[in-house]
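*Asks:* Model the following, please.
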Amino acid sequence: MDLVDVLVVMDGSIANPDLANFLEELEEPPALMIVGDQFESLVSLIELPLRAWGILSLEASEDELTSAVAALNQGLITGDPLLITPLLSGNTNRALEDKDLVVEDLTAREMEVLELLSEGLANKQIAYELEISEHTVKFHVSSIYNKLGATNRTEAVTLGARLGIIVL
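*Replies:* Have a look, this model is predicted:
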């Protein structure tokens, strides 16, 4: 695993205008991992051309950081869901435009199903978890495939993560 493809920044550096200038001047868009607890200036950073981005709190373990960096190297948005979720609504539209993909909005139930797919649950387990029939789960999975342009579960989860729809 090549960890040098990810720029890791402590949150105190976020407000530094030199960081934004540095990121804009790079030939290749980097993957950016921000570690900290102060994210007021983060929205402006994720609007920059980035290959991927992630956020972890200062309490993140070494394993969490290593896993997050590996996900960033795959072009995924990753990190602590409590820190990322408030930012996703604004970043999802940018990610969709950048990739020139037309993705219909997923329903709330489809989002729940996609989240459970990302956890590796089978249709029967998803049905149990959401208290719906297995047939209804199959319908939602099919709808997710159509809306994301995916052909299987792995592709749907990967596309969802790359587009910022779900957080791994």
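*Asks:* wait, residue 36 sits on residue 54?
*Replies:* No - the criterion here is CB atoms under 8 Å, and residue 36 misses it with residue 54 at 12.0 Å. Using the backbone N, CA and C atoms, a C-beta is placed for each residue, glycine as well.
*Asks:* Who has more neighbours out of the two?
*Replies:* residue 54 (26 against 18; other CB atoms under 10 Å).
*Asks:* where's the more buried one, which helix or strand?
*Replies:* Using DSSP states H and E, residue 54 maps to strand 52-56.
*Asks:* Can you list the strands that that strand pairs with?
*Replies:* Here strand 52-56 has these sheet partners by DSSP bridges: strand 31-35 (parallel), strand 78-79 (parallel).
*Asks:* Export that strand to CSV, keeping only CA atoms.
*Replies:* Extracted in CSV, the C-alpha atoms of strand 52-56 (Å, rounded to 0.1, in the frame of the first residue of the first chain):
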residue,chain,number,x,y,z
ALA,A,52,-10.8,12.1,-2.3
TRP,A,53,-11.1,13.4,1.2
GLY,A,54,-11.7,12.2,4.7
ILE,A,55,-12.1,13.4,8.3
LEU,A,56,-11.1,11.7,11.5
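*Asks:* immediately after that strand, which helix or strand?
*Replies:* helix 62-73.
*Asks:* Grab the CA positions of that next one and hand them over as PDB.
*Replies:* Taking Å, rounded to 0.1, in the frame of the first residue of the first chain, the C-alpha atoms of helix 62-73 are listed here in PDB:
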ATOM      1  CA  GLU A  62      -3.700   4.100  14.300                       C
ATOM      2  CA  ASP A  63      -5.800   1.300  12.700                       C
ATOM      3  CA  GLU A  64      -8.600   3.700  11.800                       C
ATOM      4  CA  LEU A  65      -6.100   6.200  10.300                       C
ATOM      5  CA  THR A  66      -4.400   3.400   8.300                       C
ATOM      6  CA  SER A  67      -7.800   2.100   7.000                       C
ATOM      7  CA  ALA A  68      -8.900   5.600   6.100                       C
ATOM      8  CA  VAL A  69      -5.700   6.300   4.200                       C
ATOM      9  CA  ALA A  70      -6.200   3.000   2.300                       C
ATOM     10  CA  ALA A  71      -9.800   4.000   1.400                       C
ATOM     11  CA  LEU A  72      -8.600   7.500   0.300                       C
ATOM     12  CA  ASN A  73      -6.000   5.800  -2.000                       C
END
